[in-house]
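Q: using only what follows, build the 3D model:
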Amino acid sequence: IADIFTQAGFPEGVFQTLLIGSGQVAQVISDDRVKAGTLTGSEPAGMSFASLAGKHIKKTVLELGGSDPFVVLESADLEAAVETAVTARLLNNGQSCIAAKRFILASAIADEFEQRLVEKFQALKVGDPMATDTDIGPLATPDILQDIDKQVKASVEQGAKVLIGGQPLAQPGNFYPPTILSDIPPGTPPYTEEFFGPVALMFRVSSLDEAIKLANSTVFGLGASAWTTDEAERDRLISELEAGAVFINGLVKSDPRLPFGGIKRSGYGRELSIQGIHEFVNIKTVWIK
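A: Numbering: from 1, shown residues only. Take a look at the predicted model:
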């Protein structure tokens, strides 16, 4: 990107890539030439970054973690919902802040949805990310693999049921298979933590009220996907789901034309679009008499 800026005719140094460790970030933030900052990362990273910027009275935008709900109601187009659910959960091997993580299913369609999703997951090939027939590659680091394995094991020990997967693959690399957990008891990690890997979490509800309550019962609020063909249900989901973006009958995604960001512990402010530009533009009042 820095090369493209230079080729386009911008002055040298207008856009720079700094390949630095986290220990050098404080020095960058404190520099008088830096007027504001934005961070995409974990909650601890966001807290550290915002604290440093606040010390120097500089504006920030934070895009942090998420535990996005994927709500499927009885009136939904089930085939489209299942097909989209595979991509929504497993994009980038499940390592996406806006990946669907908690699948909140109306009891009337829950059995069929789970069965179809298991079949879709079973058909996926895990392996070399450079191979053209690979569907799921490795996780980014050993720490991510250890974290997701720990979360799944803790959930199972506390009563959750494994429908598919559930164990790291016995091969070199940070490979974890597509996994589905159901019958998840309250108080287990899926209720409070972000699962940053290819693990789908299944929940069942008996009403729209219960679906919305469960979707909002998290410290995160990044994105939400909801599936229904009922107009009244759609309107309630749009207005009552606590998230920076609500997608009806579609995959949650970012688009440079639209503002992107979350609420609660998913961060604050917005990236992309004209709104993202406004986050880092100061309003000047001018009065000439």
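Q: when you work out contacts or count neighbours from here on, use the C-alpha atoms and nothing else.
A: Fine.
Q: can you mark which positions in stretch 62-78 are buried?
A: 62-74, 76, 78 (16 or more other Cα atoms under 10 Å).
Q: and those residues, which two are the farthest apart?
A: 62 and 74 (35.5 Å; Cα to Cα).
Q: ok so, going back, and which of the buried residues of stretch 62-78 is nearest residue 193?
A: Closest to residue 193, out of all of those and judged by Cα to Cα, is residue 67, at 7.3 Å.
Q: quick one: contacts for that closest one?
A: 97-102, 193-195, 218, 220-222 (Cα atoms under 8 Å, 6 or more residues apart in numbering).
Q: by neighbours, which of those wins?
A: Neighbour counts for the contacts of residue 67, by other Cα atoms under 10 Å, peak at residue 99, which reaches 33 neighbours.
Q: pipe the contacts of residue 67 into JSON lines and attach pLDDT and secondary structure per row.
A: What follows is the contacts of residue 67, written out as JSON lines (pLDDT from 0 to 100; DSSP: H, G, I helix; E, B strand; the rest coil):
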{"residue": "97", "pLDDT": "93", "secondary structure": "coil"}
{"residue": "98", "pLDDT": "95", "secondary structure": "coil"}
{"residue": "99", "pLDDT": "97", "secondary structure": "coil"}
{"residue": "100", "pLDDT": "98", "secondary structure": "strand"}
{"residue": "101", "pLDDT": "98", "secondary structure": "strand"}
{"residue": "102", "pLDDT": "98", "secondary structure": "strand"}
{"residue": "193", "pLDDT": "95", "secondary structure": "coil"}
{"residue": "194", "pLDDT": "96", "secondary structure": "coil"}
{"residue": "195", "pLDDT": "97", "secondary structure": "coil"}
{"residue": "218", "pLDDT": "96", "secondary structure": "coil"}
{"residue": "220", "pLDDT": "97", "secondary structure": "strand"}
{"residue": "221", "pLDDT": "97", "secondary structure": "strand"}
{"residue": "222", "pLDDT": "97", "secondary structure": "coil"}
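Q: and the strands in the protein?
A: For the chain, the strands defined by DSSP state E cover 36-40, 59-63, 68-72, 100-106, 161-164, 179-182, 199-205, 220-221, 223-227, 245-248, 263-264, 267-268.
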